[in-house]
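Chemist: For reference, the sequence and a predicted model appear below.
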Amino acid sequence: MAKAIHTMIRVLDEHRSRDFYKNAFGLDLAERFEFDGFTLAYLRNAENDFEVELTVNHGRTEPYALGDGYGHLALCVDDLDAEHRRFTDLDYAPNPIKEFMRDGALMARFFFVQDPDGYKIEVLQRHGRYR
């Protein structure tokens, strides 16, 4: 059986991105590898072993074009309202909380936020299939 282990995104400023993911989601640096031309920084928290891999291409100065193929990374939290307030206090400009209904029942409560490079992140209330 396959197991998801990480997702990779390219970022311009490693430290700015690491600060965002640390402050927003409690993801700490697990390991960092510097190579000729690029650096890989793996972020995770104690709750699970899935990682966000930040790839920094040395010398890159232009923002990456996210295109229309990238969707989002999703994370779930215990208290969506508290997290939304905290993100607002951190000046991360989260979108308003939305509720997604299906067949008259709540399927999901969530908001979106963007990281410093413009990647969309969905923050979901832990509920139903989102655990």
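Modeler: Received it, and whenever you're ready, just let me know what you need.

Chemist: Could you pick out the longest helix of this structure?
Modeler: For the chain, the helix reaching the highest residue count under DSSP state H is reported as helix 14-25.

Chemist: And that one, what does it pack against?
Modeler: The criterion is 3 or more Cβ pairs under 8 Å, 6 or more residues apart in numbering; DSSP states H and E, and the helices and strands that helix 14-25 contacts are strand 38-44, strand 51-57. Any C-beta I mention is one placed from the backbone N, CA and C, and that applies to glycine too.

Chemist: who touches the longest strand along the chain?
Modeler: Identified as the longest strand of the chain according to DSSP state E is strand 105-114. By Cβ atoms under 8 Å, 6 or more residues apart in numbering, the residues outside strand 105-114 that reach it are 24, 72, 80, 84, 87, 92-101, 120-125, 127-128, 130.

Chemist: Now intersect these with the helices, please.
Modeler: Ala24, Leu80, His84, Phe87.

Chemist: From Tyr119, how far out is the last one?
Modeler: What it means is Phe87. Using Cβ to Cβ, to the nearest Å, Phe87 is found at 15 Å from Tyr119.

Chemist: do the same with the third one
Modeler: Taking Cβ to Cβ as the criterion, His84 is separated from Tyr119 by 18 Å.

Chemist: Flag every buried residue along stretch 84-100.
Modeler: Taking 16 or more other Cβ atoms under 10 Å as the basis for neighbour counts, the residues of stretch 84-100 that come out buried are His84, Phe87, Tyr92, Pro94.

Chemist: Thr39: which of these is nearest?
Modeler: Sorting those by how near they are to Thr39, with Cβ to Cβ, puts Tyr92 at the top with 24.0 Å.

Chemist: still on that earlier bit, export the ones in helices among the contacts of strand 105-114 as TSV, with columns for distance to Ala46 and pLDDT.
Modeler: Below are the ones in helices among the contacts of strand 105-114 laid out as TSV (distance: Cβ to Cβ, whole Å; pLDDT from 0 to 100):
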residue	distance to Ala46	pLDDT
Ala24	16	97
Leu80	21	97
His84	23	98
Phe87	21	98
